[in-house]
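Enquirer: just to be clear, the model below is a prediction. Sequence and coordinates:
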Amino acid sequence: MSKVTKIVGFVAGAVALVWAMRDRFISVAVSREPEPPAFKNPPEVGTAANSELESINGVGPTYADRLRAAGYSSAADLAGADPNEIAKLAGVSSSRARSWLDQIPR
């Protein structure tokens, strides 16, 4: 009877080892990384979010909206503007406004 017990114990141990290691043997090709979340509303091409003002380094949607509200709809409109006036309208420092204007080709 002790031989049968040893054999059953050995087989049970082997089955338990395979069961514990099943993820390593079976699902090798399955990625364990979670799927990245999908954007609910992807930005549309050609909208105000992709405006010419936002192509200037440092001008995001908020600053672009402020400049549009003041009558500057493109980088060409900003090209000849006074940096102090732009700074006041956008709510930024004069040096930041100057850096925006320096990026616009003349």
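Expert: Looks like it arrived, so ask away.
Enquirer: now Leu101: how far from Gly60?
Expert: 17 Å (Cβ to Cβ, to the nearest Å). From N, CA and C alone the C-beta is placed, and that goes for glycine too.
Enquirer: neighbour count for these two, which is higher?
Expert: Using other Cβ atoms under 10 Å, the more surrounded residue of Leu101 and Gly60 is Leu101, with 18 against 11.
Enquirer: so that one versus Ser2, what's the distance?
Expert: Distance, Leu101 to Ser2, using Cβ to Cβ: 92 Å.
Enquirer: low-confidence stretches in this protein?
Expert: The model of the chain has pLDDT under 70 over residues 23-34, 39-50, 106.
Enquirer: domains for it, by residue range?
Expert: By the assignment in automatic domain parsing, the chain contains the domains 1-29, 50-102.
Enquirer: please identify the most buried of those domains.
Expert: domain 50-102 (a mean of 16; mean count of other Cβ atoms under 10 Å).
Enquirer: from the chain's centroid, how far away is that domain?
Expert: A distance of 24 Å separates the centroid of the chain from that of domain 50-102, by Cα atoms, centre = their mean, to the nearest Å.
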